[in-house]
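My questions are about this predicted structure, shown below with the sequence.
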Amino acid sequence: MIEPDALDRVLPLTPTVFQVLVALADGPRHGYAIAREVDDLSDGRVVMGPGTLYGSLQRMQRARLIEETENPGEEGLHAERRRYYRITALGRAALRSESERLLRAANVAQERLGG
Amino acid sequence: MRKAHGGGPGRPERGTPAGPGDSGASERGAGSPDGPISRDRFRRLYERLLSLYPWAFRERYEADLLQVFDDRRREPRFRGWPGGVRLVAFLLRDFVTSIPLTHGNRNDETRWERMMSNLLRDLRYAGRMLVKDPLFTAAAVITLALGIGLNAATFSAVYGLLLRPLSGAEQPDRLVQLYRKWPGMDRGSYSIPHYQDVRDRSGEVFSDVAAWSFAPISVAADGRSQRVLGMLVSANFFQTYGVTPALGRVFLPGLEDRDPGAHPVAVLGHGFWTSRFGGDPSVVGRTLTVNGRPFQVVGVAPADFKGPLNVAATPIYVPLMEQPVIQPGFDLIHARGNNSLTAVARLRDGQTVQRAGQVMSAILAQLREEYPEQYKNQVGTTIVPQMEAGIAPQFRAAQVKMSAVMMVVVSLLLLIACVNVANLFLARARERRRELGIRLSLGAGRWRIVQQLLVESFLFSVVAGLAGIGLAEIAVHVLSTVRPPMDGPWALSVGMDRTVLVYALLVALATALVFGLVPALQAAHPDTASAVKGEGPRHGGTSRMNKGLVVLQMALSLLLLITSGLFLRSLQGATRIDPGFKDPAHIAMASMDPGLQGYDATRSRTFWDRTLDEVRSLPGVGAAGLVNDPPLGLGGSDGGVTIPGYEFAEGEQRTVDYAFVTEGYFDAMGVRLLAGRAFTLQDDDNAPPVIVVNQRFAQRFWPGQSALGKVVHTAGADRRVVGVVETGKYRSLGEPPTSFMFLAQRQRHLTGMTLVARTKGDPQVIMQRIREIVRAQDPDLPVYDVRTMENFMGTALMPARLGGSVLGLFGLLGLVLAAVGIYGVMAYSVAQRRREIGIRVALGADRGTVIWMVLREGLRLTLLGAVIGLVAAAAGARLVKGLLYGVGTLDPVAFTAVPLVLVAVAALAVYLPARGAARADPMRVLKSE
């Protein structure tokens, strides 16, 4: 399974990595779709250009958080896209761990703010 | 199954383009609202940007990157003009932020990329080192800038004078100059008929043959008369050089090269057009008065073509066929034996100089058959590539040698500067020993360290090179204002052009290697253990380097200073050569040419007679006379001589230089009469032809006899020798004793003469009065070259004086650099031994003995260097013996004064610190290390 050391090595996640993992959490996507998803998820605050997009994807791939996969049969505009990504088990575990941490931190903040 | 354009189930699509029917990166029509730049070009630009990514990243993702680019482009926020701008900003920002992401893995980098990133890192580090110690940087940069800058400036002068191809000409390497070869004279000029025959018969090898000669010309326009040094040129002159006019036209071959006197047209030089006519384009078509006749301006030469010589800018060109008009009284059109032209030819493609030589020999053979009398003495033809021809043949050899000397001296200066800076770097490397030792023991490759130190050196060099170029600009600017003290269209074309800049850069790089390599290699010395511990260096490595530097410094400095010193003394000697006339400071000169103003022979004679009379009657004038070409000027003619009873030897020159003079000339100049008499008023057209010769002439042709009464056949008549004068200098101060003859002006009546007058008081007053006398007769007649003979000689002395100043400056700089360098090196080496000195004194040694011991050891090195330097200097002096006049090669002053001064400096450099060390409290010294 996932060794605890492997997890420690990738945590904590940067916001960009977090967003990308979220974008892939519900299924594989190709590069541009990931970028658009991150656009949306961050309310337009994180807009990735081609360089940062594939640069990050390459890094995440090396860190084994994501992996490349085949086109799952989409058509039309996306038929010729070759490079699809999906989240790995490690990625999923990292995402879960990180989101739990964020949730806990947010809760503490809310309590202290008295709301 | 994921839906297109992701978003979760039920998530509305946001601003995405049309649905699945849309195809991807298809071309859109021209009217698409895609933004400011066409789709194609923008994409191509982005591709170009992508090429800056590391190779590995690009190879993998290029297609994807471009696809995302296409996608982003289609988004509404990036549409249209403002969208396009936003997109560009977006992509640039993306590129910059993604750089660290893409340079991820070391193993992915190609060798080239790794080298580049190392280099960048080294450069950043070197830059930091540069600013960290500003004093060090300033010292090193200034020293190097001096050396590099002076080198570049000297090269610029040498290049402009000797090496630069003729500016403005097309393919100047295909141009050659042709000369007639006579016994004893390799570079004889051409006459007009000879030139015409050569031109017409050499079509096989030359596509064009042109000819030119200087011609004093009086140009009058808008009521103002100006005497300039123009040129008579053949009609195909501009075509031969490959020059097209800036305005109007040039001369027409086939039309304007026949019918003497029928083509009163002129082409103006660009500089003259700008200065005299304000660059007014309407000058084309205007009529000027040239030597009293109307000439029409038909064109203006382009700005980059100044004429056939590198040092003068020709103001006006007139066709050769106008020669009788320009030089009234001399018809050279039909005079085959009257040679005044320089001939230049363009080699046809594929033809060689050898083939040209053969063709010329054949032509000469033909001409010899057709005109046996005129060609019986000509032995051949000399062909010289245009670039090697130089200003005048007699100057070229001296120019080359002088330039070589300058370059050598300035290079020595640079070497000394390098040694100084190497020493500085060495000292600093010692201080960084600890840091470098640690890096070495942590596994840094030795080569990497050397590389990094070299990059530092290069950075210093580049900075110094830039500063040096600035320095050179100033120096060159000063140089370009140097002019001979003679009225003329001088335009020295020295400047910091591309060649000189490239040279400066190369010098800077070479310099970096020279001073950087040694400290770099030394710093990576495998003595890391002690370095890290902070101990001093073991005896051996460092000291050896130190000792080597001392010796080198001493030797180089000696070589430089002795060489400069020798030349300075030699140049001093040049200025003291006896020119053959007395007290040139009190000889007033003034030149006029009434013939250029259109005076006929009678009017000219009357003018000169009257002028001479009035000048002679001035109070303060001792004697006055006329001469056509003053000695040591740039003019001069020679004529063939036949002496009854004298057989010319094979290869002996059959012409003798001459001048036309009047009565009173020898008295005015102070030339001593050795036998017989000078010319008198009676030696005129009605009297038998006479001649005065100098002693050398007499001894050459009538050894052991009196020359008086002997006959010389020259200038078309048998002339009787009536006087012999002492031998002087006529063409250059450095010439060996030469035969010379004087002909009577009153038997020839040339119009263009120089008046010389011996003045008793202030010559300025006399010169002013001479001007007034001329002006009273004709206010429009230009009077030029009004100066004392001493001033006039400045032209002959200019190389000596210029060379002297420059060498003196270099020598002085060299001395300062050397002294600083020697002091630094020796003081440092003594400082190294402070501890040892302290110990010795503490153990009871006598202070004086210790100092003497240190001094002795230090001086041993200095003397070794001195000996090496002296031997090198002696050898070098032998090489340049030909250039040194009046100075023996082992000139005692240079060879003793210089070493003494340097050794004294070195001794001081050792003594002072040694004394300091010996005097210091030994306990403190021991503790301070």
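Yes, it's here. Numbering: from 1, shown residues only, chains lettered A, B, ... in the order given.

pull the longest strand from chain B.
Scanning chain B for the strand with the most residues, using DSSP state E, yields strand B:206-221.

what pairs with it, and is each one parallel or antiparallel?
Strand pairing for strand B:206-221, using DSSP bridges, gives strand B:224-233 (antiparallel), strand B:287-290 (antiparallel), strand B:342-347 (antiparallel).

Centre of the chain to the longest one, how far?
Counting by CA atoms, centre = their mean, to the nearest Å, strand B:224-233 is centred 27 Å from the centre of its parent chain.

now the helices: where do they sit in the stretch 101-250 of chain B?
Taking DSSP state H, counting those that start in this stretch, the helices of the stretch 101-250 of chain B run over residues B:111-132, B:134-158, B:192-201, B:237-241.

averaging pLDDT over each of these, which comes out lowest?
If the helices of the stretch 101-250 of chain B are sorted by mean pLDDT, helix B:111-132 sits at the bottom with a mean of 80.

what about that one, near chain A?
No: counting by CB under 8 Å from any CB of the partner chain, chain A has no neighbours in helix B:111-132; the shortest distance is 15.7 Å. For glycine as for every other residue, the C-beta is placed from the backbone atoms N, C-alpha and C.

Need the contact partners of that helix.
Helix B:111-132 is contacted from outside by B:54-55, B:103, B:106, B:109, B:137, B:448, B:451-452, B:455-456, B:458-460, B:463, using CB atoms under 8 Å, 6 or more residues apart in numbering or on different chains.

Of these, which count as buried by neighbour count?
B:54, B:103, B:109, B:137, B:451-452, B:455-456, B:458-460, B:463 (16 or more other CB atoms under 10 Å in any protein chain shown).

Does anything pack onto the longest helix seen in chain A? Which helices or strands?
Secondary structure of chain A read by DSSP state H shows that its longest helix is helix A:89-113. Here helix A:89-113 touches helix A:4-10, helix A:15-25, going by 3 or more CB pairs under 8 Å, 6 or more residues apart in numbering or on different chains; DSSP states H and E.

Now do the residue of chain A most remote from its centre against residue A:107, distance only.
Distance from the C-alpha centroid of chain A peaks at residue A:114, with 31.9 Å (CA atoms, centre = their mean). Look at residue A:114 and residue A:107: by CB to CB, to the nearest Å, they are 13 Å apart.

Same check on residue B:263?
According to CB to CB, residue B:263 and residue A:107 sit 107 Å apart.

likewise residue B:286?
According to CB to CB, residue B:286 and residue A:107 sit 98 Å apart.

got a list of what the residue nearest in space to the middle of chain B touches?
What sits nearest the mean C-alpha location of chain B, by CA atoms, centre = their mean, is residue B:157, with 1.8 Å. Shown in contact with residue B:157 (CB under 8 Å, 6+ apart): B:403, B:406, B:476, B:479, B:494.

which regions of chain B lie under the pLDDT threshold?
B:1-39, B:104-111, B:390-395, B:442-444, B:492-494, B:523-543, B:882-889, B:922-929 (pLDDT under 70).

ok, now chain A?
For chain A (pLDDT under 70), the answer is A:1-4, A:73-82, A:115.

Would you format the helices of the stretch 101-250 of chain B as a markdown table with distance to residue B:658 included?
Below are the helices of the stretch 101-250 of chain B laid out as a markdown table (distance: least, CB to CB, whole Å):
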| stretch | distance to residue B:658 |
| --- | --- |
| helix B:111-132 | 66 |
| helix B:134-158 | 35 |
| helix B:192-201 | 21 |
| helix B:237-241 | 29 |
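
what packs against whatever helix or strand residue B:438 lives in?
Secondary-structure element containing residue B:438, defined by DSSP states H and E: helix B:433-441. Using 3+ CB pairs under 8 Å, 6+ apart as the contact criterion, the elements in contact with helix B:433-441 are helix B:446-480, helix B:528-533.

Repeat the analysis, applying 10 Å as the threshold.
helix B:446-480, helix B:498-523, helix B:528-533 (3 or more CB pairs under 10 Å, 6 or more residues apart in numbering or on different chains; DSSP states H and E).

Looking at the ones you listed, which is nearest to chain A?
Minimum separation from chain A across the helices and strands packed on helix B:433-441 (CB to the nearest CB) falls at helix B:446-480, 26.9 Å.

which stretch among the helices of the stretch 101-250 of chain B comes nearest residue B:712?
Taking CB to CB, helix B:192-201 is the member of the helices of the stretch 101-250 of chain B nearest to residue B:712, at 25.3 Å.

buried residues in the closest one?
Within helix B:192-201, the residues that count as buried by 16+ other CB under 10 Å are B:192-199, B:201.

for stretch B:760-769, same thing?
Within stretch B:760-769, the residues that count as buried by 16+ other CB under 10 Å are B:763, B:766-767, B:769.

ditto for stretch B:374-386
Using 16+ other CB under 10 Å as the test for burial, stretch B:374-386 gives B:374-375, B:378-379, B:381-384, B:386.

about what we covered before: more neighbours: which of residue B:286 and residue A:107?
residue B:286 (15 against 10; other CB atoms under 10 Å in any protein chain shown).

That one reaches residue B:296, doesn't it?
Yes: using CB atoms under 10 Å, residue B:286 makes contact with residue B:296 at a distance of 7.3 Å.

Which neighbours do these two have in common?
Common neighbours of residue B:286 and residue B:296 (criterion: CB atoms under 10 Å, 6 or more residues apart in numbering or on different chains): residue B:266.

quick one on the thing from earlier: what residues of the helix holding residue B:438 count as buried?
Neighbour counts over helix B:433-441 (16+ other CB under 10 Å) mark B:433, B:436-437, B:439-440 as buried.

now swap in stretch B:288-298 and tell me
Buried residues in stretch B:288-298, counted by 16+ other CB under 10 Å: B:288-292, B:295, B:297-298.

Same check on stretch B:400-420?
Quick answer for stretch B:400-420 (16+ other CB under 10 Å): B:402-403, B:405-406, B:408-420.

Please list all residues in contact with residue A:87.
For residue A:87, the contacting residues are A:20-29, A:60, A:65-67, A:93-95, by CB under 10 Å, 6+ apart.

Distance check, residue B:152 against chain A.
Applying CB to the nearest CB, to the nearest Å, the value for residue B:152 to chain A is 44 Å.

Please verify my assumption that that residue contacts residue B:474.
No: here residue B:152 lies out of contact with residue B:474, judged by CB under 10 Å, at a distance of 11.3 Å.

Tell me which of the two has more neighbours.
When residue B:152 and residue B:474 are compared for neighbours, residue B:152 comes out ahead with 27 against 11, by other CB under 10 Å.

before we move on, back to that, quick one: residues in contact with the longest helix of chain A.
Under the contact criterion CB under 10 Å, 6+ apart, helix A:89-113 has outside partners A:1-4, A:6-13, A:17-18, A:20-22, A:24-25, A:60, A:63-67, A:85, A:87-88, A:115.

So what's the residue count around residue 94?
Using chain A here. As a measure of burial, residue A:94 has 27 neighbours, counting by other CB under 10 Å.

wait, chain B
Applying other CB under 10 Å, we find 22 other residues in the vicinity of residue B:94.

Give me the nearest residue to residue B:674, chain neighbours excluded.
With sequence-adjacent residues excluded and distances taken as CB to CB, 6 or more residues apart in numbering or on different chains, residue B:674 is closest to residue B:724, at 4.8 Å.

ok, the one you found to chain A distance?
Computed with CB to the nearest CB, the distance linking residue B:724 and chain A is 96 Å.

Kindly report the same for residue B:601.
Distance, residue B:601 to chain A, by CB to the nearest CB: 90 Å.
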